[in-house]
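Participant: I need the structure of the sequence given here:
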Amino acid sequence: MIGGGQGSFIGAVHRSAALLDGKIDLVCGAFSSRQDVAVQSGKDLALPSDRVYSSFQEMIEKEKALPEDVRMDFVSIVTPNNVHFEPAVLALRNGFHVVIDKPVTFTLAEAEELAKVVEETGMLLCLTHTYVGYPMVKQAKQLVDENLIGKIRKIFVEYPQGWLSKGIENTGSVQAAWRTDPDRSGKSGCMADIGTHAAHLAEHISGLKITHLCANLNIYGEGRLLDDDGDILLKFEKGVTGVLSASQVATGEENALKIRIYAEQAGLEWRQEDPNTLYVKWVDQPIQIYRTGGNQGYPLSKFTAAFTRTPTGHPEGYLEAFANIYQSFAARLLQKITRDNQEFNFPEYPGIEEGIRGMKFIDRVLESNQSDQKWTAF
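Facilitator: Prediction:
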């Protein structure tokens, strides 16, 4: 692991998710650019001192020198956005696969360069777009893929949070400080952080790519340099339209990601704060309610069932969804390590292509927001 030391929220999430299914072990780390934090983080995680490194450069160099059956197989990068590209490239070029938190890089140019490195090296890269790991998201995608709800007409996706309603970046919040800092977060705040999740979720379930957008961004936090709120009109392939709304100043909201997809025969609705439920609203029959773990009369797809760990009524959530991303990646990596050419029966995890689309989304949103023309081609 690179990053994710003491005080990191997302590092602990990645570790918990990666270890959940018993297929992955944490063997080494460069947990902080501060030597004292790196060392103490390694101790807290019970790692041997010779596998705790002071920099990602040192880690990659020394791990590469270890015997193949001892050294790390892949690296998980959980640093601020401005420290994604360099360690990812170094790891790939030295024979290590990569899992990376989103957005994939600091700029679109870096993402496109990273894609070239992935292709040149033949190594695997996994992007942790967490929400596509939820079983009911997989079920929704299956219903769309099998054309059971008919031709899609409209997509609404919203992601309101309230955690930046006050200027906590100025009162000691490490997470808020780097996410509102252009030098570490990048050119966008809210839309880069959670708007990309919403856009990816819409494309993932619908199977349709965004072709044009019309954006309006806002900054409500006093003295804040990056957007903390915004609304976007969307045009998708096949004439489908949509609306995306994201805010980190929606006072009182927690993590209220929600998507609604309306098609000719039925509408789908899923909410991240009630992740084990998928509503299917038919035009000519009663509403159907799918539940994670099993349900009353509506069998789950094989992919949904494969990523469900508990019986019906025993809630699964964010960590399990995150773990499903790691589970797919681990299965693919094990197949590559063992040179097993059998058919791969797990849904694909997000990768560099999704990473590039996320960076394009950020660029096009900002371009549209600053333009009098407004409608901007994706």
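Participant: so, low pLDDT: which residues of the stretch 201-350 of the chain?
Facilitator: Within the stretch 201-350 of the chain, the segments meeting pLDDT under 70 span 294-298, 343-347.
Participant: cutoff 90 now
Facilitator: Within the stretch 201-350 of the chain, the segments meeting pLDDT under 90 span 293-315, 335-348.
Participant: list the residues that contact the residue nearest to E86 when sequence neighbours are not counted.
Facilitator: In space, and not counting its chain neighbours, E86 is closest to F56: 7.9 Å by Cβ to Cβ, 6 or more residues apart in numbering. The way it works is simple: take the backbone N, C-alpha and C, and place the C-beta from them, glycine included. F56 sits next to 2, 30, 75, 86-87, 90-91 when contact means Cβ atoms under 8 Å, 6 or more residues apart in numbering.
Participant: so which of these belong to helices?
Facilitator: 86-87, 90-91 (DSSP state H).
Participant: quick one: which of these has the most company?
Facilitator: The residue in these with the most neighbours, by other Cβ atoms under 10 Å, is A91 (28 neighbours).
Participant: for M72, give me its contacts.
Facilitator: 27-28, 63, 96.
Participant: ok, so of those, who is nearest F303?
Facilitator: Lowest distance from F303 to the contacts of M72 (Cβ to Cβ) belongs to F96, with 28.3 Å.
Participant: tally of neighbours for the closest one?
Facilitator: So F96, with other Cβ under 10 Å, has 22 neighbours.
Participant: pop out the phi and psi values for it.
Facilitator: phi -110, psi 130 (degrees, to the nearest 10).
Participant: residues contacting stretch 28-46, please?
Facilitator: Outside stretch 28-46, the residues touching it (Cβ under 8 Å, 6+ apart) are 1-8, 11, 15, 26, 47, 49, 51-56, 58-59, 63, 72.
Participant: before we move on, what about stretch 216-229?
Facilitator: Taking Cβ under 8 Å, 6+ apart as the rule, stretch 216-229 contacts 164, 167, 169-170, 180-182, 185, 187-191, 230-232, 246-250, 365-366, 369.
Participant: got the CA positions of it in CSV?
Facilitator: The C-alpha trace of stretch 216-229 is given here as CSV (Å, rounded to 0.1, in the frame of the first residue of the first chain):
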residue,chain,number,x,y,z
ASN,A,216,-23.5,24.8,-13.9
LEU,A,217,-21.1,24.7,-10.9
ASN,A,218,-21.2,26.6,-7.7
ILE,A,219,-18.9,27.5,-4.8
TYR,A,220,-20.8,28.2,-1.5
GLY,A,221,-18.0,27.8,1.0
GLU,A,222,-16.4,31.1,1.9
GLY,A,223,-12.9,31.4,0.5
ARG,A,224,-13.2,28.0,-1.2
LEU,A,225,-11.3,27.6,-4.5
LEU,A,226,-13.0,24.6,-5.9
ASP,A,227,-16.6,23.8,-6.7
ASP,A,228,-18.7,22.3,-3.9
ASP,A,229,-22.0,22.0,-5.7
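Participant: flag every buried residue along that stretch.
Facilitator: 217, 219, 221, 224, 226-229 (16 or more other Cβ atoms under 10 Å).
Participant: just stretch 166-180 next, same as before
Facilitator: For stretch 166-180, using 16+ other Cβ under 10 Å, the buried residues are 169, 173, 175-180.
Participant: next one: stretch 3-13
Facilitator: By neighbour count with 16+ other Cβ under 10 Å, stretch 3-13 contains the buried residues 3-5, 8, 10-13.
Participant: let's have those in JSON lines, adding secondary structure, distance to I261 and pLDDT.
Facilitator: Below are the buried residues of stretch 3-13 laid out as JSON lines (DSSP: H, G, I helix; E, B strand; the rest coil; distance: Cβ to Cβ, whole Å; pLDDT from 0 to 100):
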{"residue": "G3", "secondary structure": "coil", "distance to I261": "35", "pLDDT": "96"}
{"residue": "G4", "secondary structure": "coil", "distance to I261": "34", "pLDDT": "94"}
{"residue": "G5", "secondary structure": "coil", "distance to I261": "40", "pLDDT": "94"}
{"residue": "S8", "secondary structure": "coil", "distance to I261": "34", "pLDDT": "87"}
{"residue": "I10", "secondary structure": "helix", "distance to I261": "28", "pLDDT": "92"}
{"residue": "G11", "secondary structure": "helix", "distance to I261": "33", "pLDDT": "94"}
{"residue": "A12", "secondary structure": "helix", "distance to I261": "33", "pLDDT": "95"}
{"residue": "V13", "secondary structure": "helix", "distance to I261": "27", "pLDDT": "96"}
